[in-house]
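>>> Sequence first, predicted model second:
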Amino acid sequence: MYALLREKRLGREVTASQRKDPPVHLIPFYAIEKHSILELEPPRHTRLRRLVLRAFTSRRIAGLGPEINDIAHDQLAQHCEGADLILADIMMPIMSGIELLRAVKAIAPSVEVLMMTAFGTVENAVECMREGAYDFISKPLKRAIVVRSVQRALERKTLLSENQRLRATLDETGGTDIIGRSPAMRRCLDLVAQAAPSAATILLSGESGTGKEMIARRIHELSGREGAYVAVNCAALPETLLESELFGHERGAFTGASGRRAGRFERAEAGTLLLDEIGETTAALQVRLLRVLQEGEIERVGGAQTIEVDVRVIAATHRDLEELVAEDRFREDLYYRLNVIEVKVPPLRQRHGDVPLLAQHFARQFAKKNHKELRGFSEAALRQLDAYDWPGNVRELENTIERAVVLSRSEILGIDDLPATITRLPERSTAEEGIVIPFGTPLDEVERRLIRQTLERVGGDKKTAARLLGIATRTIYRKLSDPTRDES
């Protein structure tokens with residue numbers, strides 16, 4: 001049921017029989033689903049109101065009294081504060097629709113504006129669009145056109161609001177810092193913040209691509225250690241070269257060793273050394289690492305001098321070290337030396353709500369790198385990204401977003417910009433699905449099939465189906481009950 005609007009004058013309700021002054025322009029707010037629509041039009045023009053209210057579920061209708069041309073700057077700002085969309089006529093008393101459009105865009109740039117007129121010209125349309133109007137509608141108003149334009153404007157407003165929210169969240173988290181607000185990631189970062197100032201050795205465990213190296217950098221930043229942060233991937237180098245890389249070597253220690261060279265332990269003096277993929281090291285190298293952790297001393301390859309080092313060691317692995325210990329493939333004493341504090345980095349599928357934040361962060365990063373202008377993601381694309389399991393974790397998401405940015409031809413990244421492995425998920429929104437119509441099918445049959453398919457999607461609710469199709473409910477009854485009869 002819709003509320004009966006009455007005009008208000010100086011805080012008192014005034015009926016038509018009591019009114020002596022010229023009609024007062026109402027500024028009714030329509031709370032439509034999760035949106036608010038502000039209509040600026042004289043109350044005698046009720047067709048637009050009926051079109052909008054029949055197409056959307058109205059939860060609240062309220063009237064305000066001042067005439068449109070008398071609205072002060074601060075009052076207009078107050079009126080626009082709760083609105084997502086404004087419907088305004090170009091021809092209004094004293095203040096024109098164009099002047100109103102400029103004022104609204106100056107006060108509330110995020111509010112979408114639909115302009116209407118019975119005197120539509122190309123010049124008017126161009127001027128409205130140049131001033132920031134979302135769309136320009138000519139009178140007489142047609143229901144399907146109005147509803148479709150309102151729907152698209154609200155979808156755009158929702159999209160921009162969501163992307164603004166994501167950007168604000170990214171700014172709060174530091175932009176290029178560790179991105180994540182999910183409970184799983186918060187627990188991980190809380191443990192990191194607590195353990196970082198200590199001198200304890202930390203073991204980072206988690207699947208590949210979860211961001212263990214970024215966590216290691218965060219630990220170093222929070223540790224207060226004045227030395228450098230140094231990282232080495234133990235799986236990327238053969239044993240002989242890895243040993244030299246970690247401990248350094250003396251001149252002539254092996255073929256090609258033309259001079260003395262300091263290793264990573266020495267370069268990380270008073271700092272932090274990350275031993276990535278520690279589970280891939282050999283038994284011989286594990287013995288040497290154990291001595292460093294126990295004694296705080298190293299010897300260069302080919303040398304006899306003992307060198308004391310002050311290094312905070314962080315080890316990282318995607319493998320189960322307990323299982324390797326049980327299989328005698330990893331030293332048990334070294335495992336306990338490394339695992340003083342274990343930090344488990346959660347996989348992306350357990351970080352509920354972090355995917356949109358990460359996607360927005362990577363999109364901004366790669367848009368800047370590739371000199372592209374991007375405004376964000378469509379709602380459907382964000383839903384699809386959030387529904388995917390991401391077996392490759394953050395690294396896979398990063399590569400996916402880079403591909404989407406590079407190949408995108410629009411300022412909005414949509415489902416079409418995502419790879420097929422993601423878009424063929426069963427969780428994909430039904431709003432993106434369609435029906436197949438054979439070539440040569442009569443138009444009446446096409447309409448009936450579309451109506452039946454829509455009814456099936458909305459559980460048989462004819463009002464909802466009519467709203468989605470932009471037709472009257474009685475048209476659905478007529479089309480389905482009498483296939484031979486066309487709509488008048």
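Thanks, I have the structure now.
>>> count of residues packed around Arg264?
A total of 20 residues lie near Arg264 under the criterion other CB atoms under 10 Å. All C-beta spots, glycine's among them, are computed from the backbone N, C-alpha and C.
>>> nope, Leu450 is what I was after
Around Leu450 sit 16 other residues, with neighbours defined as other CB under 10 Å.
>>> So which residue is smack in the middle of this protein?
Closest to where the C-alpha atoms of the chain average out (CA atoms, centre = their mean) is Pro356, at 3.2 Å.
>>> Show the model's pLDDT score for it.
For Pro356, the pLDDT comes out at 89.
>>> can I see the domain layout of the chain?
The chain resolves into domains spanning 7-168, 183-346, 349-431, 434-481 when parsed by automatic domain parsing.
>>> Relative to the whole chain's centre, how far out is the second one?
The offset between the C-alpha centroid of domain 183-346 and the centroid of the whole chain comes to 35 Å, using CA atoms, centre = their mean, to the nearest Å.
>>> Span of that domain from start to end?
Distance between the two ends of domain 183-346: 10 Å, counting by CA to CA, to the nearest Å.
>>> circling back: how far away is the residue nearest to the centre of the chain from Ser110?
Using CB to CB, to the nearest Å, we find Pro356 at a distance of 19 Å from Ser110.
>>> mind checking the SS state of Leu203?
Following DSSP: H, G, I helix; E, B strand; the rest coil, the label given to Leu203 is strand.
>>> Check the burial of Lys142 by counting its neighbours.
The local packing count at Lys142 equals 13, with neighbours defined by other CB under 10 Å.
>>> Quick check on it: phi, psi?
Backbone torsions of Lys142, given as degrees, to the nearest 10, read phi -110, psi 130.
>>> Model confidence for it, exactly?
For Lys142, the model assigns a pLDDT of 75.
>>> what residue of this structure is the furthest out?
What lies farthest from the middle of the chain is Ala304; by CA atoms, centre = their mean that is 56.6 Å.
>>> check which helix or strand covers it.
Assigning secondary structure by DSSP states H and E places Ala304 outside every helix and strand.
>>> same question, the one 10 residues further on
For Ile314, the host element (DSSP H and E) is strand 312-317.
>>> What lies in contact with that strand?
The contact list for strand 312-317, computed with CB atoms under 8 Å, 6 or more residues apart in numbering, reads 199, 201-205, 212-213, 216, 219-220, 223, 225, 271-279, 292-293, 338.
>>> mind saving the C-alpha coords of the following helix or strand past that strand as PDB?
Note on strand 312-317: by DSSP H and E, the next helix or strand toward the C-terminus is helix 321-326. These are the backbone C-alpha positions of helix 321-326, laid out as PDB (Å, rounded to 0.1, in the frame of the first residue of the first chain):
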ATOM      1  CA  LEU A 321      57.300 -30.600   8.300                       C
ATOM      2  CA  GLU A 322      55.900 -33.000  10.900                       C
ATOM      3  CA  GLU A 323      55.200 -35.500   8.100                       C
ATOM      4  CA  LEU A 324      58.700 -35.000   6.700                       C
ATOM      5  CA  VAL A 325      60.100 -35.600  10.200                       C
ATOM      6  CA  ALA A 326      58.100 -38.800  10.500                       C
END
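>>> got the buried residues for helix 321-326?
Buried residues in helix 321-326, counting neighbours by 16 or more other CB atoms under 10 Å, are found at 321, 324-325.
>>> right, and the helix or strand after that helix?
On the C-terminal side of helix 321-326, the closest following helix or strand by DSSP H and E is helix 332-338.
>>> Please put the alpha-carbon coordinates of that next one into CSV.
Backbone C-alpha positions of helix 332-338 (Å, rounded to 0.1, in the frame of the first residue of the first chain) are rendered in CSV as follows:
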residue,chain,number,x,y,z
GLU,A,332,63.5,-33.4,14.2
ASP,A,333,65.8,-31.2,16.3
LEU,A,334,66.0,-28.6,13.5
TYR,A,335,62.2,-28.7,13.2
TYR,A,336,61.8,-27.9,16.9
ARG,A,337,64.4,-25.1,16.6
LEU,A,338,62.5,-23.5,13.8
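>>> Would you mind checking which helix or strand in the protein has the lowest mean pLDDT?
Considering only helices and strands, the least confidently modelled element of the chain by mean pLDDT, DSSP states H and E is strand 7-9, at a mean of 29.
>>> List the residues that contact Arg300.
Arg300 makes contacts with 247-250, 253, 260-261, 263, 307, as judged by CB under 8 Å, 6+ apart.
>>> Now intersect the residues you listed with the strands, please.
Among the contacts of Arg300, the members falling in strands are Ile307 (criterion: DSSP state E).
>>> State the pair within the contacts of Arg300 that is farthest apart.
Of all pairs drawn from those, the one with the largest separation by CB to CB is Ala253 and Ile307; the distance is 14.6 Å.
>>> contacting residues for Ile392?
Quick fix: residue 392 is Gly, not Ile. Contacts for Gly392 (CB under 8 Å, 6+ apart) come out as 208-209, 399.
>>> hang on, the earlier thing: how much space is there between the residue nearest to the centre of the chain and Ile422?
With distances defined as CB to CB, the gap from Pro356 to Ile422 amounts to 14 Å.
>>> Need the overlap of contacts for these two.
Where contact means CB under 8 Å, 6+ apart, the residues bridging Pro356 and Ile422 through contact with each are Leu385.
>>> contacting residues around Asp354?
If you count contacts by CB under 8 Å, 6+ apart, then Asp354 has 179-182, 185, 348 around it.
>>> okay if I get those as a markdown table plus distance to Val192 and pLDDT?
Converted to a markdown table, the contacts of Asp354 look like this (distance: CB to CB, whole Å; pLDDT from 0 to 100):
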| residue | distance to Val192 | pLDDT |
| --- | --- | --- |
| Ile179 | 14 | 85 |
| Gly180 | 12 | 83 |
| Arg181 | 15 | 83 |
| Ser182 | 15 | 87 |
| Met185 | 10 | 91 |
| Leu348 | 18 | 93 |
